[in-house]
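Enquirer: the following block contains a protein sequence and its predicted model.
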2 protein chains.
Amino acid sequence: MRHGRRRGRLTRVSSTKDKLLDATVETLRTHGIAGVSARTIAATAGVNQALVFYHFGSVDQLLAAACATATAQRVEVFHERFAEVGSLRELLAVGRELHTVERGTGHVAVLAQLLAGAQSDPRLGEATAAALDMWARELETVLDHVLRRTPLAGIADVAGLARAAAAAFIGIELYEGADPQGAGSALDALDQLGAILEAFDDLGPVASRALRAKVRQVTSK
Amino acid sequence: MRHGRRRGRLTRVSSTKDKLLDATVETLRTHGIAGVSARTIAATAGVNQALVFYHFGSVDQLLAAACATATAQRVEVFHERFAEVGSLRELLAVGRELHTVERGTGHVAVLAQLLAGAQSDPRLGEATAAALDMWARELETVLDHVLRRTPLAGIADVAGLARAAAAAFIGIELYEGADPQGAGSALDALDQLGAILEAFDDLGPVASRALRAKVRQVTSK
DNA sequence: GTCTATACATGGATAGAC
DNA sequence: GTCTATCCATGTATAGAC
């Protein structure tokens, strides 16, 4: 938790910079990328509009900064939760929890908005790519641990899976905004997929060997 | 293909309405949801800005209309390709093809932008939900067909899987804009996942039965 | 560091001529 | 149906007082 601190020194109340960073997240959440502006953000923060430019230079750069700090914050929170995960199903359960909790904080939704903005803004592109990478690296560690004692150990494309999972998460979050029911059934289906994959753990050596051969075939293609 | 036609009567050149619809897609692709406006769209279309309001009432409604027509168009194109799919791996191959082709047309990217905008615009929400449903229904049909002769037939949550796949696609498309390499490895991992799932087809009756039991356990939870 | 004031650009939307 | 002209709101960015 890095709130109330700056360069190691305690501050009584949150600084204007912090207020702007928090307000940026909040404004992205409520107004979307199309609705953020120096004025709307400053209004949410309760500070003067000119301070956006004084502290961050431009709205772009404020968005990029908010992306970095918010992501670091949320990843840190879930780092411990991920560490407790021992199986794929448990990982999916934490994923659901993350989905529910982050619905409240809005971090995933905000990341989705920034990612949408990043498609036509290189500066945001860098920031969001870094943010996604932070989540993906976290997932990589967990997946590595989870798959260790399964037939998929050493074969599964863990880095790719981690990124696919992160991307799917973003997509489902966006989906949720448009069609909550549809998004819910998508999450249910992922649970099922997890169950299917876990069923492989109980496989005998023959089936296990066949699986590994098939997966290798695809990977080397 | 519904271009050049309107209410069943041939028209010499594309009408202003069509020009605006096409220009909307193009503008979303290049400027993103944050960069579309009546003026930018009209400029792309080469028509007067006031015509946006004359024909569609507001920018919102133009976006919603463009979402509907563009999606109907692209779904129609891929309908035939989906009909040829006989296995999960083939479906994933078509998915890759769709990903590549739609990178060019930009349809998925546009849908992602609209979805981002939909988070804070109910009118867009309806339009994008309908668009996603069109894709999801298409995928449902294919998945049903693909899973028919596998141990997962009748058990898999096809509707949910279809929606998860659609959501993942959107997410990966956004990912691609920020980090093409990361998105590529995500797609590779999905191929692998397909291979793993297909390996179940070759399973003996005992393992197959165990799998079905495990999946049922999750579904009924 | 923060505020006021201000410049200048862009965007939504409409009225009225053609 | 289309264009010009226009109004007004909003947004970016900076200068200068405090």
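Expert: Looks like it arrived, so ask away.

Enquirer: and the helices in chain A?
Expert: Secondary structure of chain A (DSSP state H): helices at A:16-31, A:38-45, A:50-56, A:59-83, A:88-105, A:107-118, A:122-147, A:158-178, A:180-199, A:205-219.

Enquirer: out of those, the one nearest B:Asp144 is which?
Expert: With C-beta to C-beta as the measure, helix A:180-199 is the member of those nearest B:Asp144 (13.6 Å). C-betas here are computed from N, CA, C, even on glycine.

Enquirer: give me the angle between that closest one and helix B:158-178.
Expert: Relative orientation of helix A:180-199 versus helix B:158-178 (axes from the mean of the first three to the mean of the last three C-alpha atoms, to 10 degrees): 90 degrees.

Enquirer: now helix A:180-199: average pLDDT?
Expert: Helix A:180-199 carries an average pLDDT of 90.

Enquirer: check which helices and strands it sits against.
Expert: helix A:88-105, helix A:158-178, helix B:122-147, helix B:158-178, helix B:205-219 (3 or more C-beta pairs under 8 Å, 6 or more residues apart in numbering or on different chains; DSSP states H and E).

Enquirer: let's see it at 10 Å
Expert: helix A:88-105, helix A:122-147, helix A:158-178, helix B:122-147, helix B:158-178, helix B:180-199, helix B:205-219 (3 or more C-beta pairs under 10 Å, 6 or more residues apart in numbering or on different chains; DSSP states H and E).

Enquirer: as TSV, these with mean neighbour count would be great.
Expert: Putting the helices and strands packed on helix A:180-199 into TSV (neighbours: other C-beta atoms under 10 Å in any protein chain shown) gives the following:
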stretch	mean neighbour count
helix A:88-105	16
helix A:122-147	20
helix A:158-178	26
helix B:122-147	20
helix B:158-178	26
helix B:180-199	20
helix B:205-219	15
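
Enquirer: pick out the shakiest of those helices, pLDDT-wise.
Expert: The bottom spot among the helices and strands packed on helix A:180-199, by mean pLDDT, belongs to helix B:205-219, with a mean of 82.

Enquirer: who are the contact partners of the residue nearest to A:Val158 when sequence neighbours are not counted?
Expert: In space, and not counting its chain neighbours, A:Val158 is closest to A:Leu143: 4.8 Å by C-beta to C-beta, 6 or more residues apart in numbering or on different chains. For A:Leu143, the contacting residues are A:82, A:85, A:88, A:91, A:136, A:152, A:156-159, A:161-162, A:165, by C-beta atoms under 10 Å, 6 or more residues apart in numbering or on different chains.

Enquirer: could you measure from A:Leu143 over to A:Leu197?
Expert: 11 Å (C-beta to C-beta, to the nearest Å).

Enquirer: quick check, stretch A:97-113 touching chain B?
Expert: Yes. With C-beta under 10 Å from any C-beta of the partner chain as the criterion, chain B is reached by stretch A:97-113 at A:106, A:109-113.

Enquirer: who wins on neighbours among those?
Expert: Per-residue neighbour counts (other C-beta atoms under 10 Å in any protein chain shown) across the residues of stretch A:97-113 next to chain B peak at A:Gln113, which has 33 neighbours.

Enquirer: quick check: pLDDT value at A:Val25.
Expert: On pLDDT, A:Val25 comes in at 98.

Enquirer: correct me, but it touches A:His31?
Expert: No. Using C-beta atoms under 10 Å, A:Val25 makes no contact with A:His31, being 11.4 Å away.

Enquirer: the more surrounded of those two?
Expert: Set side by side, A:Val25 and A:His31 show more neighbours around A:Val25, with 25 against 18, by other C-beta under 10 Å.

Enquirer: ok, that one - contacts?
Expert: Neighbouring residues of A:Val25 by C-beta under 10 Å, 6+ apart: A:41, A:44, A:63, A:66-67, A:69-70, A:73, A:105-107, A:109-111, A:113-114.

Enquirer: and of those, the nearest to B:His99?
Expert: Nearest to B:His99 out of those is A:Leu111 (C-beta to C-beta; 21.2 Å).

Enquirer: list the contacts for the closest one?
Expert: A:Leu111 is in contact with A:25, A:28, A:67, A:70-71, A:74, A:102, A:118, A:128, A:131-132, A:135, A:166, A:169-170, A:173, B:174, counting by C-beta under 10 Å, 6+ apart.
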